[in-house]
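Asker: task: produce atomic coordinates for the following.
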Amino acid sequence: MTVPFRLAACAEMLWQDKPIEWRAARLADLGFSVGLWNWPEHDLAKLEKSGANFTIMNGFLEGSLADDAGAERLLATALETAQVGKRLGVERLNLLGTCLGEGGLPVVRTHAVTGAMWLKARDTLNRVCDMAEKEGVVFTLENLNPLDHPDCPFATTSDVLALVSSINRPELRINIDLYHTQIGEGDLIRWCEKCLPWIGEVQVADNPGRCEPGTGEIAFAGVAKALDRMGYTGMVTLEAYAAGDPDAALEAFRTAFTL
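Answerer: The predicted model follows:
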């Protein structure tokens, strides 16, 4: 039995009564790499000393892809975040169609995406790639689901695939979050197949509940076998809450992706 993927877990969602640097160190001790959310909330010096391998982090603080002012703010905060990412050794910096606020709702909600917005989003992402090439970093674009994040532009798996594949630059990959895909579209294996040439990371949580594999409806053992058949050997990250004990949740995650 082997694990053909690299495994990581989101530190913010586990052991929520512990300091973030403790969580990062604990994940490293258990053999997992570490995903982060918003870096300004953390003591970077303590994270540097945790011994963790940081694989993904939110790649911007403010802004959006498809309007002029929002794009400028996204680019400015993405550049700032790239410097922090390099300091921590983060492998991928994650983007969304727009910045999210309280409760995961878009700061500016978009009811309909126009053709002009698509063109602006492509332009913004190409500018992100130009910056990423200079800085030696990689960004990902993540899909979201319409129940938890209504009216977020470019949030579907289809939208993310269309943008990243049309730009087709190594500085921009897909962060396919299968929890969000399950709610938004389903058909997880075929979406992984479609996105495969551009996948930078696969994120997982079971549905409903957004907890570890085995707590909901998703047959993660089948997903893992399919990813292996496709030849995917990259990062799989548990971006989930623990239904009970975090150590048990992590072991359930590891088991689901052990073949």
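
Asker: hang on, residue 141 in a strand?
Answerer: Yes. With DSSP: H, G, I helix; E, B strand; the rest coil as the criterion, residue 141 is assigned to a strand.

Asker: neighbours of it, how many?
Answerer: Neighbouring residues of residue 141 were enumerated by other CB atoms under 10 Å; the total is 27. For the C-beta atoms, the positions are set from N, CA and C on the backbone; glycine is no exception.

Asker: beta partners for it?
Answerer: With DSSP bridges applied, the residues forming beta bridges to residue 141 are residue 95, residue 174.

Asker: how close does it sit to residue 16?
Answerer: Taken as CB to CB, to the nearest Å, the spacing of residue 141 relative to residue 16 amounts to 27 Å.

Asker: show me the strands in this structure, by range?
Answerer: Chain-ordered strands for the chain, with DSSP state E as the definition, fall at 6-10, 33-35, 54-58, 92-95, 139-142, 172-177, 199-204, 235-238.

Asker: could you dump those strands to TSV with distance to residue 43?
Answerer: Rendered in TSV, the data for these read as follows (distance: least, CB to CB, whole Å):
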stretch	distance to residue 43
strand 6-10	18
strand 33-35	15
strand 54-58	14
strand 92-95	19
strand 139-142	24
strand 172-177	25
strand 199-204	25
strand 235-238	22
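
Asker: separation between the closest residue to residue 117 other than its chain neighbours and residue 11?
Answerer: Using CB to CB, 6 or more residues apart in numbering and skipping the chain neighbours, the partner closest in space to residue 117 is residue 66 (3.9 Å). Distance, residue 66 to residue 11, by CB to CB: 30 Å.

Asker: more neighbours, those two?
Answerer: Using other CB under 10 Å as the criterion, residue 66 and residue 11 rank with residue 11 on top: 27 against 24.

Asker: tell me the pLDDT at the closest residue to residue 2 other than its chain neighbours?
Answerer: Of all residues not flanking residue 2 in the chain, residue 259 sits nearest, at 6.3 Å (CB to CB, 6+ apart). The per-residue pLDDT reported for residue 259 equals 97.

Asker: residue 167 now?
Answerer: In the predicted model, residue 167 carries a pLDDT score of 98.

Asker: next, count neighbours for it.
Answerer: Applying other CB under 10 Å, I find that residue 167 has 18 neighbouring residues.

Asker: tell me the contacts of it?
Answerer: 122, 125-126, 129 (CB atoms under 8 Å, 6 or more residues apart in numbering).

Asker: recalculate using a threshold of 6 Å.
Answerer: Neighbouring residues of residue 167 by CB atoms under 6 Å, 6 or more residues apart in numbering: residue 125.

Asker: so how far is residue 129 from it?
Answerer: Separation of residue 167 from residue 129 (CB to CB): 7 Å.

Asker: bridging residues for residue 54?
Answerer: Beta-bridge partners for residue 54, by DSSP bridges, are residue 34.

Asker: can you give me the helices in the stretch 101-250 of the chain?
Answerer: Using DSSP state H, counting those that start in this stretch, the helices of the stretch 101-250 of the chain run over residues 115-135, 157-167, 178-184, 188-195, 220-230, 246-256.

Asker: any chance of those in a markdown table, with distance to residue 3 too?
Answerer: Shown next, in a markdown table, are these (distance: least, CB to CB, whole Å):
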| stretch | distance to residue 3 |
| --- | --- |
| helix 115-135 | 29 |
| helix 157-167 | 25 |
| helix 178-184 | 17 |
| helix 188-195 | 17 |
| helix 220-230 | 9 |
| helix 246-256 | 7 |
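
Asker: residue 5: which of those is closest?
Answerer: Ranking these by proximity to residue 5 (CB to CB) places helix 220-230 first, at 7.0 Å.
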